[in-house]
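Colleague: here's a sequence, model it:
(chains A and B)
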Amino acid sequence: MAGYLESDQFIGDFHMERKEAVEEVYTKFYKEIYYLCRKLLGTREDAQDVTAHAFINLFRKCRDFNSLTNIRAFLYISARNQCLDVLARRKTAAIHARDLAYAIREAYDQVNDELDYCLIQQLEESIKKLPPRSREVIELLFLGEKKYTEVAATLNISVRAVTDARQRGLSILRELLQQRHAVEMAIFLLAFFW
Amino acid sequence: MEEQEKNRLKELIRKFQQGTLTPEEEASLEQWRASSLENNKRFEDRLLEQFAIEGLGILREADEAMQEDFERVTSSPRTIPLRANRRLFVAAAAVIIVMAAGLIYYLFRTSTPYQTAPIAGNSSPRLAPGGSKAVLVLDNGQQIVLDSAANGVLAHQGAAVVQKIAGGQLTYVIGDKPKVPVGYNVLATPSGGQYKVVLPDGSKVWLNDLSSLRYPTAFSGGQRLVTLTGEAYLEVAKDQLHPFRVQVGNTAVTVLGTHFNINAYPDENGITTTLLEGMVSVANNGKTVLIKPGQAAISGQGVSLVDHADTSAVTAWKDGYFEFSDADIRAVMRQLSRWYGIDVRFEGKAPEQLVSGRISRNNMAGDVLSFLEASGYHFKIEGKTITVLP
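Modeller: Reported below is the predicted structural model:
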């Protein structure tokens, strides 16, 4: 399937609402849209609803899109607007105005959200590539939110080994962050010299 | 000082992330950070860790949500409002389940009963025991009756090849088509049916009679999620990254890799999860308990813990036995009623006396009743109705 999404064939299929094309788009973008909604809305239920809505809206007008970039942009805009609606509705249901202001600011900080998502995704991949022992520790720490002592007891290793593995996980994240800063810097410089 | 300071720091960092620090707190956090390089690193580490925990958690959720909504969102581009839609979906699913149940009932009630030679000197009815019987419902709704299907490849479901192997067993083997969408299969047993399935992750599930298991044809999300009705014994393949979750009614049982039994028949008293190995958590109604090997949890309205469970009696069914240890006769009769498809009635009050013992499920119903009669119970048998006399 490599390249299918970039091909002319795909856009043709998408215009015809063909199953493969629709499913590919869904699988390709679901997680990042969900990530955005979840960050903005804070609850799984709302995030899931809004994400599904964004895709349903998209699939209702398959003919309007001529590239993957357009599709993705539409998903982001549509999800973001709906998130703001949900937040505004919640506000009337007594939530601090301050949260809303914060969320709105966040919502327009698109570059940031997208980069966050990439970062987390890379972190997940990097963890998967670690040797099994460190991987296990990091997964329990990061995914299970367990205490060091609990993790040590579960895996029958020393607390020291747990803290070492944690440092390892964090240094991966640090490195990824540095790469990201490099990217941001590049974008910045590019914009500057344009 | 150590513990106290740690907790204070945690609290400050939490507030920092929520943006709820008071100016004094902010100043004290700043001061603490600036006081040594090590402190500054600890602060950064904690923030990074929080970021990782939150982000990875969301990715997992996204995986699950993506699978849950896949069908609904991709297959019907023209569907309208979500909320109503969801309800409609549930209603449609309920209708399908009821129809499937009806079909299964019909299929099994009309199939020729299993024949065995009568046992001399026994006046009880020859109600036949159950066996390896089940129906597999594929993702497209197609149904395969497993007792009559030949061994071998039954279907291709998403990335998995479904095979029936000898001895009442199904296996899912994942091929190398990783990106195909995940579908769901349902394995359902009739009264007197029992079946074993090896799921795509290698976990083994023994399904007792009148039960059903719904599972994806490939586990691709953060969690391995299956839905159960009735009773099952599970040996979950170890995978720390992907917790295995069994949803039974409003109870969720979460495990990493372990052996346990779940009994959730609607006519039994609550949902009983009995653990043989490892550790599982049982959540219901906002309450969660962790159970250890040899313990059981009963959930219905909340969860309660049973300290000493008879694991051998609880799981005997999967090896083909009824095993009772100080069991109430009503509980015993419920098991027989499911396995032999008989109706059980009680005349007057049920006898108080308890049942202990072990007998093969391959026996005719009459033989099992004789076994109970030997322990002092009395029955009246009319066709498929057994009355327990006081």
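
Colleague: only C-alpha atoms from now on, for both contacts and neighbour counts.
Modeller: Will do.

Colleague: what about the strands in the stretch 101-250 of chain B?
Modeller: For the stretch 101-250 of chain B, applying DSSP state E, counting those that start in this stretch gives strands covering B:135-137, B:143-145, B:152-157, B:160-165, B:169-174, B:184-188, B:195-198, B:204-207, B:212-216, B:224-235, B:244-248.

Colleague: got the phi and psi for B:E277?
Modeller: phi -150, psi 150 (degrees, to the nearest 10).

Colleague: check the gap between it and A:D64 for me.
Modeller: According to CA to CA, to the nearest Å, B:E277 and A:D64 sit 56 Å apart.

Colleague: enumerate the residues of chain A near chain B.
Modeller: A:17, A:19, A:22-23, A:26-27, A:30-31, A:34-35, A:38, A:44, A:48-49, A:52-53, A:55-56, A:59-60, A:117, A:120-121, A:123-124, A:136, A:139-140, A:142-143, A:145, A:170, A:173 (CA under 8 Å from any CA of the partner chain).

Colleague: quick one, which of those are buried?
Modeller: Among these, those buried by neighbour count (16 or more other CA atoms under 10 Å in any protein chain shown) are A:17, A:22-23, A:26-27, A:30-31, A:34-35, A:38, A:44, A:48-49, A:52-53, A:55-56, A:59, A:117, A:120-121, A:123-124, A:136, A:139-140, A:142-143, A:145, A:170, A:173.

Colleague: before we move on, the earlier item: for chain A, find the nearest of the strands of the stretch 101-250 of chain B.
Modeller: Closest of these to chain A is strand B:244-248, at 13.4 Å (criterion: CA to the nearest CA).

Colleague: in its sheet, what does the closest one sit against?
Modeller: strand B:224-235 (parallel), strand B:251-255 (antiparallel) (DSSP bridges).

Colleague: quick one: it to strand B:212-216, angle?
Modeller: Interaxial angle, strand B:244-248 versus strand B:212-216 (axes from the mean of the first three to the mean of the last three CA atoms, to 10 degrees): 140 degrees.

Colleague: now do the helices in the chain.
Modeller: In the absence of a named chain, this looks at chain A. A:8-15, A:19-41, A:44-60, A:68-92, A:97-107, A:110-129, A:132-144, A:148-155, A:159-193 (DSSP state H).

Colleague: my question was about chain B, not that one.
Modeller: With DSSP H as the criterion, chain B has helices at B:2-18, B:23-35, B:37-75, B:82-110, B:311-315, B:329-340, B:365-374.

Colleague: can you pull the domain assignment for chain B?
Modeller: Split into domains by automatic domain parsing, chain B comes to B:2-74, B:228-318, B:320-389.

Colleague: format the ones you listed as JSON lines; extra columns: distance to B:F219.
Modeller: Shown next, in JSON lines, are the domains of chain B (distance: least, CA to CA, whole Å):
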{"stretch": "domain B:2-74", "distance to B:F219": "10"}
{"stretch": "domain B:228-318", "distance to B:F219": "9"}
{"stretch": "domain B:320-389", "distance to B:F219": "30"}
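
Colleague: identify whichever of those lies nearest to A:E150.
Modeller: domain B:228-318 (13.3 Å; CA to CA).

Colleague: how far does that closest one sit from its chain's centre?
Modeller: In terms of CA atoms, centre = their mean, to the nearest Å, the centre of domain B:228-318 is found 8 Å from the chain centre.

Colleague: shaky segments in the chain?
Modeller: You didn't say which chain, so I picked chain A. A:1-2, A:91-115, A:144-145, A:180-194 (pLDDT under 70).

Colleague: um, chain B though
Modeller: Using pLDDT under 70, chain B drops low at B:1-2, B:17-19, B:76-127, B:148, B:176-180.

Colleague: what residues are up against the residue found closest to A:C62 once you drop the neighbours it is linked to in the chain?
Modeller: Of all residues not flanking A:C62 in the chain, A:H15 sits nearest, at 5.1 Å (CA to CA, 6 or more residues apart in numbering or on different chains). Residues near A:H15 by CA atoms under 8 Å, 6 or more residues apart in numbering or on different chains: A:C62, A:R63, A:D64, A:F65.

Colleague: what number of residues lie near the last one?
Modeller: Using other CA atoms under 10 Å in any protein chain shown, A:F65 has 16 other residues around it.

Colleague: same question, A:A21
Modeller: Neighbour tally, A:A21, other CA under 10 Å: 20.

Colleague: make sure it is actually in contact with A:D8.
Modeller: No. Here A:A21 lies out of contact with A:D8, judged by CA atoms under 8 Å, at a distance of 11.4 Å.

Colleague: ok, B:K204 - contacts?
Modeller: B:K196, B:V197, B:V198, B:L234, B:E235, B:V236, B:A237.

Colleague: ok, which pair from those is furthest apart?
Modeller: Longest span within those, CA to CA: B:K196 and B:A237, 14.9 Å.

Colleague: no further questions, thank you.
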